[in-house]
Every structure is written in structure tokens, then in C-alpha cells.
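Asker: any chance you could fold what I've pasted below:
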Amino acid sequence: MCSKLSINVIAFLICIESFVHKLECFSPPFLSSHLISSQLLWKERCLNPSYFAFYSASHSLSFFFLPVSLSLIPPKSALMARALLFSSFSIKDSYSDYFKLFQLPSYPKTDYWKEGSDCCCSWDGVTCHLVTGHVIELDLNCSWLSGTIHSNSTLFLHRHLQSLNLAFNDFSGSSVSARFGRFSSLMHLNLSDSGFSGQISPEISHLSNFVSVDLSWNYRAEFAPHSFDSLVQNLTKLQKLHLLYISISSVFPNSLLNQSSLISLDLSHCGLHGRFPDNDIHLPKLELLYLWDNINLNGNFPQFSENNSLIELGLLSTNFSGQLPASMGNLKELTQITSLSLSGNNFNGQIPPSIGNLTNLRLLDFSQNQLEGAIPSSIYGFSRLSFVGLGYNLFNGTIPSWLYTLPSLVELDLSHNKFIGHIGEFQFDSLEKIDLSMNELHGSIPTSIFELVNLSSLKLFSNNLSGVLETSKFEKLINLIDLDLSNNMLSLTTSMLPWSSINTLDLHSNLLQVPLPTPPNSTFFFLVSHNKLSGAISPLICKVSFMQILDLSHNNFGGMLPHCLGNFSKDHSVLNLRRNQFHDIIPQKFLKGNSIRTLDFNGNQLEGLVPRSLIICRELEVLDLGNNKINDTFPHWLGALPKLQVLVLRSNNFHGHIGFSKIKSPFMSLRIIDLAHDDFEGDLPEIYLRSLKATMNIDEGLNLSHNYLTGHIPLSFKILKMLESLDLSSNKLSGRIPQELTSLTFLEVLNLSQNHLTGFIPQGSQFQTFGNDSYYGNPRYVDFHYRRDVQLMKY
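Answerer: Okay, here's the model as predicted:
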């Protein structure tokens, strides 16, 4: 068996050129019958390295490339032993979803490298020189390979390679080592998105024949100091350099602007810093320049000569500033798939009218700058423009008419500006996304929007839109996924909603008065707070099994809460029923393994006990039961919830002592606790104060006012170093105010009024800023030293 395997391997590795310059492979029968007579021919034709791969039945690819000639063939046992030394690559389709998303053709090319196939030069992804038989191209991109390329890998025996493409595989643990520098003939190298990490060897800068280099999307790879500069200076033939997400941490090398052969340059998210050169860019062949997401790279808008060939310019999320120059119109050679992206910079001033010269643009993104004034109105001919992003600027005036007449427009974002007037009628139905939110637009929603059959996202929130929404008009929008009409003055005519695939439905802060519309089963986020909705909540809402956020707060809902509200969706994270008129009890059942983070029942008429099943809500961060009629003792068992940060029990009928707990360190994440206006009694809960170290980041404070608490103010308050507000008013506390409270240097609000405290006010720190009202209502015979006036005062 070993002998047969060795003969087969040799057969598939040795390719020779016939006298008519045609490559041929020797099958095992041919090899066995001509072994001696053909030896001289093999020596003459095959002394140069040939390569092979072996594919085992276990679907693990032992990937080794060996220089082979007949005179150098090792014994079969040595050959097998040597094979075991080389790296193994398994076949995994873990990238398959990624390939489908970006429509990349992918399959395990090495599956076809099997016994019985033709010459190795005919294998998928392998190209040989027609004369010498050397492997000169190896293209295994999107081949599902997984494993590590070690520095002793036989891959590096391919000394005659001119093109190497290993993109879109998983070589985690591999580095661009010095061995890559041995490919002296290499012109094209693509290792993008293949899991390479660590320092990129300076040796690759010696490969002066490079025409294209793509190392993009290897997030943990980086250049050594100064090695990137050396690479750029040595690559005089370079046409394409893509290093997206490779850490360079360098200033922009001026020498790149002298690469007259350069066609495509992508140095996005590379940690570039300093100033981009101010001199004119004379790169006549440059078609693509991407520098986005280098937040410390500053400069003015690049100056391009009129004879440029630029197709795509991406400067988003850098630190460029200044006004957009009139010379921007010189980019009239922007053709093919063209884009101009300046998002996330500090450009100011107005859009120059010369932008109208760029009639072949398909993407125009000036969002997140400080541009102002009106958008140029006399612009025509943008027949290919599919994306317009002007959001997050200071534009004013009305929306120019040409934006409504773009025949190819797919996405329009004018959000967060100061546009006024009515929304015009769109002339074409190509639009898929519209965002006009956070402006000063008024009037009704134009009827043309209801005809946009491809529309998937409509955001018109925070304007002054008015009128009655007839939900039947939305019936044609069958692709609508996100609808946000919040913060307007809109009303509904019916509680029937027509969408079947919607994920986000936000109608909060309008004038809705109809009964609660039941959202479609596909809904993730349903927000109708701050309206005038009334009636009871239908149990049908529990059929929306993918619901994550349900906000019905600040309405006029009443009746009993459906018992299913606590257990209808494992994805449910926020339930906000604040400020309604619900009565009866809080839902008692919650799903095990639920994702609930916020429960807000504040401001209703709920009764009964705190549901003990809340103990299984391990993700719970906010629990607000304030302003109800709950009659229970302090729920000390909630102290076992590891993520609980906010606990509000104020203005209920809670009673008894607070301090009892069997939990060793309760409420370890608590930041805000409000137990005011209840009937608690006994000493202040010092056991909880010792646990409240998490209040180092407290926002609101500690409120235990209007109870029947007795005893002294505990010294343990001093550990709450970042406490901003402390209200212990209207209790029965006695003794002195601890001097240790002066260590609370972030304290802005202090209320100790209406107690039985005695002695002097502590001196120093924040206590100098508190007025008489902080101590009002303590015994009139007690002297308080009011620090602001430094005088003795009687109450």
C-alpha cells in the first residue's frame, strides 16, 4: 500500500514539458513501465521544483509543497515521515454566511486535488509557467482553509511564485513572517481577511516587484516602526496598496504621492496621524483613495489636478477641516462606480456649486460635519446618484427640489439639520431608506411616500408634522422594516396595523388616541409612550414573541395587566408601563433565562407583593415600582441579583426593617436606591451601605426620606465617595451629623431636615455650600454651626 501511494504521489507531482511545449503528467502505469528510460528526461526537465498536495480521506488537508526530481525522490518511508512535519489545514465552511452576504464564490478548491486528476498544473487555483513548469500562481481565496502557516511551511519553497492569493481563509495564529520575503518574483500578494496577526516582517519591503499588495482586514497585524516607510520607498512599481485595519501608526508618507503608477490606495483605520500633505496631488492614474477612520489624521480637503482619474474618495471619520474648495468640481473624471465620502470630519462653510459638475456620482456623503447654509438648488443631471448623506450638519432652508427627482436614489439622509417647510413629493419609487428626522419640517406626510413600494426604513421623527395617519395608506409598503414617526403631532384613525415584517415601530410623543394597536408578530421594538392611548392591553400582545422593547408609558391605559407580560419572549429586555392607570397585581411569572434589563411600573395603582419570580431575572438592571399601592416588606432577596443598579420602591406601602439580609454581600452593583415615602422603620441599613461600593459612579443618589427610620447616621456613609445626592429627611434619626460625611466631596444635594439630630454641622468640603433648608425641622434647642455665615443659628 505504501509503495503504491508513493508512486501515485510522485506521479501527481512531476510535470514535464513535452517537445511541443505541452505539459504532461505521468500516470502510475506509465511511470512503472518507463521508470528507467525516462530518468534522463526527468533530470533535465524536472530539476526545478514542482509541487504537490495530498488530500486524505479524513477531510484534513496536509498541505505540503516539495521540490521533487527523480534523482532526489526520497525513499517511501522518508517521504511519508517528512509529510508529517508539515502543517495541516482542515476544511471548514465557517465563512459560508459571510460569502453569501457579499456574494463571494467559495468552495474547497483543494477537494479537487485528488488522485486520478490531471497534472498538478491543472489543479484548481494552480498556474504553472508554460516553459519551465514552475508554479507561478497560487489562488486559494475563499477555499475554506483553516490552520496555521508556520515559518517552516513548505509553502515558502515556491520561490518562483509571481502571484499568491490566500484571502478569505482562516489562518489564525499565522504571521506575515520573514519567509514571505523569499518570494523574490512575487508581484501580487493578497492575504486579506485571513486571520494573520502580529508584526509584519520588514523583509517584505525587499520585494521590489510588487504591483499589488492587499493585507486588509487582518485586525491584529501591524507594521514595525519605520518598516511601512521602507515598504513604500522600495515599491516603485506599485499600483494597488490595501491595508485596511492594519496598524501602521505613522504619519502619512509623502513618498506615496510620488508613486505615479498608483491606481488604488486604501489606508483606512490604520492609525495614521499628523497632517495630510497640503500640496497638489499629481497621481494621474489614481482611481481610489480611502483614508477613512484615521481620527488623528488632519488637513484640508486634498487638491487634485484637472487631469485626475479619481473614481472613489473616502475621507470619512478623519479630522480634515476647512471649507470645501471650488476645485472639488475638477473631479469631473469621476466615472464608473463613483463615490465621494467626507463623513465624520470638521468641514465647514457651504457646499460649493461646482459639486454640480460631478454628474456621475453614485454616492455623496457629507454627513457629520459642520456644513451650513442652503444646499445648492441649481443642480441637474445626477441620474446615477443612489445615496445622499447630508445628515448631522447645520444646513437650513427648504429641501431643494432636485433631491425629489433623482431617478436612481435609494437612500436619502438629511437628518439632524435645520430644514424647514413641507416635505415634497418624490417622483420615483426607487427609494428604500428615508431619514428626515430632527429638522423643523411641518405639514403632512406626502402621499408619494405611500407609493414607495421598495421602502424599508422611514424616519421622520422630531419634526412638526401633523395630520391624521390613515394606516390603510401604508398597505403598499410591504417591505417596511423600520418606521419612526415619533415626536410629531400625528394621530391614527384605526388600531389595525398593516405591516407583516416590521421590526421597529416608534410612534411615541404624538397625539394618538385610539385603543392600543397590536403590533405585528415580527416587531422587536414597539414604542407608543407619551400619547393619549387608553383602554386595556390585549393579551394578543404576548404573541409578539420576538419583542425586545415594549414602551407604553405616559398614556391612559387601565385595567389589569395580562399575566403573560413577564414570560412571552426570552428576548424581552425593556418593559415600561410607567404613568398609566393599571391596577391589580404585577405579573407573577417570568421566563427562566430571560433577558429583562428594565422593569418600570412606576405611577400606576398596582397592589400585592413584589413577585418572588424576579429572582430569576439575572440580567435585571433597573426595577422601578415607585408610586403604586404595593404592600410588602423590603425585598432583601433582590440583593442577589448581580446586575441590579437602580431600585425604586418609593411611595408604596412597604414596611418593616430594611437591614435584614442573609446574603453576604447584597446589592453589589446598586447605584441608585429610592425608598422614600414608605413605612420603613428601625435603624438605617448599614449592611447595605457597606455593599454600595458600586455607587462610586452614582448619578442620582440615595433617598430614604419620609419613613420611620431611627438611630444614628452610620459612619459607613463615608465609603460612598462619589455620592451626589443624600436625602434622609422626615425620619426619626438622632445623634450628631458624622464629621466623616465631609469626605463626600461630590455631594451636591443634602437633606437631613425633619429629624431629631443634635450638635454642630460638620466643617469643610461641600457642607459649606448647603443652606438652612438642609437641616430645617430638627430640635429648636439644638445649635447648628452654619458654615457659610460662620455663625450660631437657632431653629
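
Asker: shouldn't residue 161 be in contact with residue 139?
Answerer: No - using C-beta atoms under 8 Å, residue 161 makes no contact with residue 139, being 10.8 Å away. Every residue, glycine included, has its C-beta placed from N, CA and C.

Asker: okay, the two: which has more neighbours?
Answerer: residue 161 (23 against 18; other C-beta atoms under 10 Å).

Asker: distance of the more buried one relative to residue 137?
Answerer: Residue 161 sits 7 Å away from residue 137, taking C-beta to C-beta, to the nearest Å as the criterion.

Asker: before we move on, what about residue 751?
Answerer: Separation of residue 751 from residue 137 (C-beta to C-beta): 78 Å.

Asker: low-confidence ranges in this protein?
Answerer: 1-88, 94-103, 114-119, 327, 330-337, 495, 690-700, 780-795 (pLDDT under 70).

Asker: surely residue 442 is within a strand?
Answerer: Yes - using DSSP: H, G, I helix; E, B strand; the rest coil, the secondary structure at residue 442 is a strand.

Asker: that one: how many residues sit nearby?
Answerer: For residue 442, using other C-beta under 10 Å, the count is 15.

Asker: what residues are up against it?
Answerer: By C-beta atoms under 8 Å, 6 or more residues apart in numbering, the residues touching residue 442 are 420, 421, 422, 463, 464, 465, 466.

Asker: can you tell me how far it sits from residue 671?
Answerer: For residue 442, the distance to residue 671 - C-beta to C-beta - is 41 Å.

Asker: before we move on, what about residue 561?
Answerer: For residue 561, the distance to residue 671 - C-beta to C-beta - is 27 Å.

Asker: what does residue 659 give?
Answerer: Residue 659 is 20 Å from residue 671, by C-beta to C-beta.

Asker: okay, the two: which has more neighbours?
Answerer: residue 671 (21 against 15).

Asker: wait, that one touches residue 643, no?
Answerer: No - here residue 671 does not reach residue 643: they are 11.0 Å apart, not a contact under C-beta under 8 Å.

Asker: residue 231: what's its closest spatial neighbour, skipping adjacent residues?
Answerer: residue 205 (4.1 Å; C-beta to C-beta, 6 or more residues apart in numbering).

Asker: how about that neighbour, secondary structure?
Answerer: Counting by three-state DSSP, the backbone at residue 205 sits in helix.

Asker: so it makes contact with residue 236?
Answerer: No - counting by C-beta under 8 Å, residue 205 does not reach residue 236; the two are 11.9 Å apart.

Asker: mind checking which of these two has more residues around it?
Answerer: Using other C-beta under 10 Å, the more surrounded residue of residue 205 and residue 236 is residue 205, with 20 against 13.

Asker: the more buried one and residue 729, how far apart?
Answerer: Counting by C-beta to C-beta, the separation of residue 205 from residue 729 is 72 Å.

Asker: check residue 166 too.
Answerer: 70 Å.

Asker: cool, residue 308 as well?
Answerer: Using C-beta to C-beta, residue 308 is found at 72 Å from residue 729.

Asker: mind checking which of the two has more residues around it?
Answerer: More neighbours surround residue 729 than the other of residue 308 and residue 729, with 23 against 20 (other C-beta under 10 Å).

Asker: can you tell me which residues contact that one?
Answerer: So residue 729 contacts 705, 706, 751, 752, 753, 754, 755, 777 (C-beta under 8 Å, 6+ apart).

Asker: hmm, 10 Å instead?
Answerer: By C-beta atoms under 10 Å, 6 or more residues apart in numbering, the contact set of residue 729 is 676, 703-707, 750-755, 773-777.

Asker: and what of residue 328?
Answerer: For residue 328, the contacting residues are 301-304, 313, 340, 342, 351-355, 357-358, by C-beta under 10 Å, 6+ apart.

Asker: one more time with 7 Å
Answerer: 352, 354, 355 (C-beta atoms under 7 Å, 6 or more residues apart in numbering).

Asker: same check on residue 275?
Answerer: Neighbouring residues of residue 275 by C-beta under 7 Å, 6+ apart: 298, 299.

Asker: run the last query once more with 8 Å
Answerer: 251, 252, 297, 298, 299.

Asker: how about it: which residues does it bridge to?
Answerer: Counting by DSSP bridges, residue 275 is bridged to residue 298.

Asker: adjust the sequence numbering to begin at 52 for everything that follows.
Answerer: Will do, 52 is the new start, and the previous item becomes residue 326.

Asker: for the stretch 702-846 of the chain, which segments count as strands?
Answerer: When secondary structure is read from DSSP state E, counting those that start in this stretch, the stretch 702-846 of the chain shows strands at 706-708, 723-725, 730-734, 753-754, 759-762, 776-778, 783-786, 800-802, 807-808, 835-837, 842-844.

Asker: so what does the longest one touch, helix or strand wise?
Answerer: Packing partners of strand 730-734 (3 or more C-beta pairs under 8 Å, 6 or more residues apart in numbering; DSSP states H and E): strand 706-708, strand 759-762.

Asker: count the residues that sit near residue 688.
Answerer: So residue 688, with other C-beta under 10 Å, has 15 neighbours.

Asker: now do the same end-to-end measure for stretch 223-236.
Answerer: End-to-end distance of stretch 223-236: 26 Å, with C-alpha to C-alpha, to the nearest Å as the criterion.

Asker: ditto for stretch 440-448
Answerer: Start-to-end span of stretch 440-448 (C-alpha to C-alpha) is 17 Å.

Asker: cool, and stretch 435-454?
Answerer: 12 Å.

Asker: geometric centre of the protein: which residue is closest?
Answerer: With distances taken as C-alpha atoms, centre = their mean, residue 344 lies nearest the centre of the chain, 13.8 Å away.

Asker: tell me who's in contact with residue 329.
Answerer: By C-beta under 8 Å, 6+ apart, the contact set of residue 329 is 350, 351, 354.

Asker: most neighbours, which of those residues?
Answerer: Within the contacts of residue 329, most neighbours by other C-beta under 10 Å means residue 350, with 19 neighbours.

Asker: next, count neighbours for the closest residue to that one other than its chain neighbours.
Answerer: Distances taken as C-beta to C-beta, 6+ apart place residue 327 nearest to residue 350, at 3.4 Å, with adjacent residues excluded. By other C-beta under 10 Å, the residues close to residue 327 number 22.

Asker: which residues touch the residue nearest to residue 282?
Answerer: By C-beta under 8 Å, 6+ apart, the contact set of residue 256 is 278, 281, 282, 284, 285, 286.

Asker: state the distance from the residue lying closest to residue 572 once chain neighbours are set aside to residue 685.
Answerer: The shortest distance from residue 572 to any non-neighbouring residue, by C-beta to C-beta, 6+ apart, is to residue 595 (5.5 Å). In this view, residue 595 and residue 685 are 35 Å apart by C-beta to C-beta.

Asker: and the strands in the stretch 402-551 of the chain, which stretches?
Answerer: 414-416, 421-424, 438-440, 445-448, 462-464, 469-472, 484-486, 491-494, 508-510, 515-520, 533-535, 540-543.

Asker: in TSV: those, plus distance to residue 700.
Answerer: What follows is the strands of the stretch 402-551 of the chain, written out as TSV (distance: least, C-beta to C-beta, whole Å):
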stretch	distance to residue 700
strand 414-416	49
strand 421-424	46
strand 438-440	47
strand 445-448	45
strand 462-464	44
strand 469-472	44
strand 484-486	41
strand 491-494	42
strand 508-510	37
strand 515-520	39
strand 533-535	34
strand 540-543	36
